[in-house]
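Enquirer: Got a predicted structure plus its sequence, pasted below:
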Amino acid sequence: MQVKASLAVPMIAKFLKARLVPLLCGSPGIGKSSIAKQIADEFNLKLIDIRLAQCDVTDLLGFPTIQGNKAGYVPMDTFPIEGDSIPKGYSGWLILFDELTSASPAIQASSYKIILDRMVGNHHLHKNVAMMAAGNLESDNAIVQPMSTALQSRLVHMELVVDSKEWIEWATSNDIDHRITSYIKFKPGNLYTFVPDHTDHTYGCPRTWEFSSRILKDTEIGSPELLPMLAGTISEGVAREFIGFCKVYQDLPTVESIVNAPKTIKVPEEASILYALTGSIAHNASATNVDALMAYVVRMPVEFQVVCIKEMVRRTKPLMANKSVQSWIANTADVFF
């Protein structure tokens with residue numbers, strides 16, 4: 001079944017509490033590994049990321065050795081086993097079997113015992129170990145190996161899909177450049193541009209937009225190297241369109257001019273400019289200028305008021321207590337919540 005990230009996280013948490021092993025599949029770059037990290041952080045677990053496509057059988061079963069007059073397996077130190085001490089500051093471990101669907105049949109078979117019996121060779125996993133797996137979809141032209149029915153029945157299957165509204169909420173709270181979130185509001189389809197038969201070297205996706213945000217921290221919009229840098233992350237076509245959108249910012253009313261004359265500065269009519277402007281206002285709002293900015297925002301079409309104020313309080317949570325913001329919410333609760 002297809003699920004969004006907001007539903008996937010609590011579902012995975014319940015699976016882990018029930019000692020089940022969820023398999024989170026999805027297209028490349030949509031945040032499967034990020035969800036594993038989020039789960040680990042939420043439950044104070046040390047994340048152990050095992051890339052199964054790069055593993056050897058001994059990495060999972062252990063190293064064969066002679067123990068007295070018998071042969072046995074010594075587990076790799078990757079796996080926490082009974083008797084191991086829990087790392088300081090953690091409550092346990094979360095093992096992520098990444099690239100499960102790309103692993104060879106031999107590696108997949110070697111994972112059976114770990115996943116079902118919680119054993120590595122002859123040793124039991126530590127009781128504070130939780131496990132989940134992740135992989136790509138065969139329909140995405142990714143390297144995917146057939147999975148036996150025996151392994152399929154040992155996992156709880158989920159397919160992660162991208163949702164632009166959810167990603168914008170996450171991006172706003174995680175220091176993603178406000179021009180990117182404004183652009184994705186304007187062109188939500190460009191958050192994820194992957195198609196299986198794409199000819200570009202890359203494509204827009206949550207991962208590559210995060211890369212782009214890092215680039216924008218140290219590179220000006222007018223810089224000649226920006227286009228090839230962004231083209232290498234989100235593809236040339238999307239990069240050109242995004243840079244064109246960013247240039248709109250240069251013609252926007254400045255926050256200073258809005259604060260100085262909130263009731264007289266012209267409110268743009270074009271949607272692309274309004275999306276850019278709401279992002280700029282939300283990014284620059286503070287306790288000292290929010291009253292003046294609110295006087296300007298309420299002159300926008302109501303749907304852009306909602307966009308702007310939601311992002312404003314998401315970026316700077318104390319602004320939620322501002323009287324102007326509270327008054328606006330009281331009068332617009334039916335569309336704000």
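Expert: Received it, and whenever you're ready, just let me know what you need.
Enquirer: Can you give me the separation between the closest residue to residue 164 other than its chain neighbours and residue 182?
Expert: The shortest distance from residue 164 to any non-neighbouring residue, by CB to CB, 6 or more residues apart in numbering, is to residue 188 (3.7 Å). The C-beta positions use only the backbone N, C-alpha and C, and glycine is treated the same way. Taking CB to CB, to the nearest Å as the criterion, residue 188 is separated from residue 182 by 12 Å.
Enquirer: can you pull the contacts of the closest residue to residue 320 other than its chain neighbours?
Expert: Nearest non-adjacent residue to residue 320, counting by CB to CB, 6+ apart: residue 313, 4.5 Å away. Contact analysis of residue 313 by CB atoms under 8 Å, 6 or more residues apart in numbering lists 319, 320, 325.
Enquirer: hang on, the earlier thing: quick one, which of residue 188 and residue 182 is more surrounded?
Expert: residue 182 (27 against 15; other CB atoms under 10 Å).
Enquirer: secondary structure element for the more buried one?
Expert: helix 178-186 (DSSP states H and E).
Enquirer: Out of all residues in this protein, which is the farthest from the middle?
Expert: The C-alpha centroid of the chain is most remote from residue 69, which lies 51.1 Å away (CA atoms, centre = their mean).
Enquirer: so where's the chain uncertain?
Expert: Low-confidence segments of the chain, defined by pLDDT under 70: 141-142, 333-337.
Enquirer: Let me see the domain layout of it.
Expert: 2-160, 164-336 (automatic domain parsing).
Enquirer: neighbouring contacts of stretch 155-171?
Expert: So stretch 155-171 is in contact with 1-6, 8, 11-12, 15, 20-27, 30-32, 35, 115, 133, 137, 180-181, 184-185, 188-189, 191-192, 205-206, 209, 213, 311, 314, going by CB under 8 Å, 6+ apart.
Enquirer: Can you tell me which of the residues you listed are buried?
Expert: 3, 5, 8, 12, 15, 20-27, 30-32, 35, 115, 133, 137, 180-181, 184-185, 191-192, 205-206, 209, 213, 311, 314 (16 or more other CB atoms under 10 Å).
Enquirer: what's the neighbour count on residue 247?
Expert: With other CB under 10 Å as criterion, residue 247 counts 12.
Enquirer: from memory it sits against residue 221, does it?
Expert: Yes - assessed by CB atoms under 8 Å, residue 247 is found in contact with residue 221 at 6.3 Å.
Enquirer: List the contacts of residue 296.
Expert: 258, 262, 263, 265, 267, 281 are the contacts of residue 296 under CB under 8 Å, 6+ apart.
Enquirer: thinking the fifth one is in contact with residue 299, fair?
Expert: The one in question is residue 267. Yes - using CB under 8 Å, residue 267 makes contact with residue 299 at a distance of 5.1 Å.
Enquirer: what about stretch 314-329, start to end distance?
Expert: End-to-end distance of stretch 314-329 (CA to CA, to the nearest Å): 14 Å.
Enquirer: Now tell me what touches that stretch from outside.
Expert: Residues contacting stretch 314-329 (CB under 8 Å, 6+ apart): 169, 172-173, 178, 282-283, 285-287, 290-291, 294-295, 298, 305, 309, 312-313, 336.
Enquirer: Tell me the buried residues within those residues.
Expert: Buried, going by 16+ other CB under 10 Å: 169, 172, 178, 282-283, 285, 290, 294, 298, 305, 309, 312-313, out of the contacts of stretch 314-329.
Enquirer: Neighbour-wise, which one of the contacts of residue 296 leads?
Expert: Busiest of those [other CB under 10 Å] is residue 281, holding 26 neighbours.
Enquirer: So which elements touch the helix or strand containing that one?
Expert: Taking DSSP H and E as the definition, one finds residue 281 inside helix 271-284. Secondary-structure packing of helix 271-284 (3 or more CB pairs under 8 Å, 6 or more residues apart in numbering; DSSP states H and E): helix 178-186, helix 236-249, helix 255-260, helix 290-297, helix 302-315.
Enquirer: Show me where the stretch 1-150 of the chain has its strands.
Expert: In the stretch 1-150 of the chain, the strands defined using DSSP state E, counting those that start in this stretch lie at 2-3, 22-25, 45-51, 63-67, 70-74, 92-98, 119-120, 123-124, 129-135.
Enquirer: List of residues touching the fourth one?
Expert: Right, strand 63-67. 58, 71, 72, 73, 74, 76.
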